[in-house]
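# Predicted model follows, preceded by the sequence.
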Amino acid sequence: MFNLAEILTLLIGCLLALVFLDGIRRALRIRRSKLKVDLINPSSEESLDFEEEWQGYEDKEESEVLSSPDDHEEDLDIAPAVNLNIIHLHDENDSVFSESSLSQALVFYNYRFEEKGIFTILDSDNAPSFTILNGKNPGFFSESIKSNDIALVLDPQNLTNPIESFELFVEVSQSIQETFQCQILDEDRNFMTKQMIEHMKNQFHEYQRQFLASAS
């Protein structure tokens, strides 16, 4: 039988091993994030807001569509090197997402459909919370463009009601998933579980805490 000192030593050893493994996991995740293609120019982050960046990106994509219309079905890489929260909704069989179908699915929410072909979900103060994009190139919707993949993108910076925005972000994604009976995926298009959503929520709260601390 182990005595008390030996049991405490074993417990401390197990805790240190868990901390070490968690550190490795975080390091690998950070390294993977750094390999993603930047759609937002880091040098202009301070001078351009998120919506302006998407306007520029949409213009670029629209010109590419005119020159190569066959590229519509390519996945849209929307993981720039900033701390965005991204949820994909994907239907394996049909292109069920369109301006019309999404407008009907969002009828009980406060939103606006922008001229550039994306949806902006608004909070209780009519301030932007997050956007819904076409998850395939060209990244936006029009009367003739449908998709089997959409992306909900929440930028945690400069939100009027951060916690409300995140809760709305998750609620809308789950509502659309139930309406279309489609798959809910993470930013890497892997199946998203309730545990992953809870982990995303914890990360969001921690980011907000750090952001507010640095701002003050």
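Yep, that arrived. Residues are numbered from 1 along each chain as shown.
# now the strands for this protein?
85-90, 111-113, 119-122, 128-134, 149-154, 183-185 (DSSP state E).
# List the pairing partners of the third one within its sheet, with orientation.
Sheet neighbours of strand 119-122, with direction, are listed as strand 111-113 (antiparallel), strand 128-134 (antiparallel) (DSSP bridges).
# tell me the most buried of these?
Highest mean neighbour count among the strands paired with strand 119-122 (mean count of other Cβ atoms under 10 Å): strand 128-134, with a mean of 25. No exception for glycine: its C-beta is placed from N, CA and C like everyone else's.
# That one - what's its average pLDDT?
Mean pLDDT, strand 128-134: 97.
# do the same with stretch 91-110
Mean per-residue pLDDT for stretch 91-110: 95.
# Now the terminal residues of it, how far apart.
Stretch 91-110 has an end-to-end distance of 24 Å (Cα to Cα, to the nearest Å).
# I'd like the strands of the chain as JSON lines, with distance to residue 198 appended.
Output for the strands of the chain, formatted as JSON lines (distance: least, Cβ to Cβ, whole Å):
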{"stretch": "strand 85-90", "distance to residue 198": "13"}
{"stretch": "strand 111-113", "distance to residue 198": "25"}
{"stretch": "strand 119-122", "distance to residue 198": "21"}
{"stretch": "strand 128-134", "distance to residue 198": "18"}
{"stretch": "strand 149-154", "distance to residue 198": "16"}
{"stretch": "strand 183-185", "distance to residue 198": "14"}
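# so which of those gets nearest residue 202?
Counting by Cβ to Cβ, residue 202 lies closest to strand 85-90 out of the strands of the chain; the figure is 11.8 Å.
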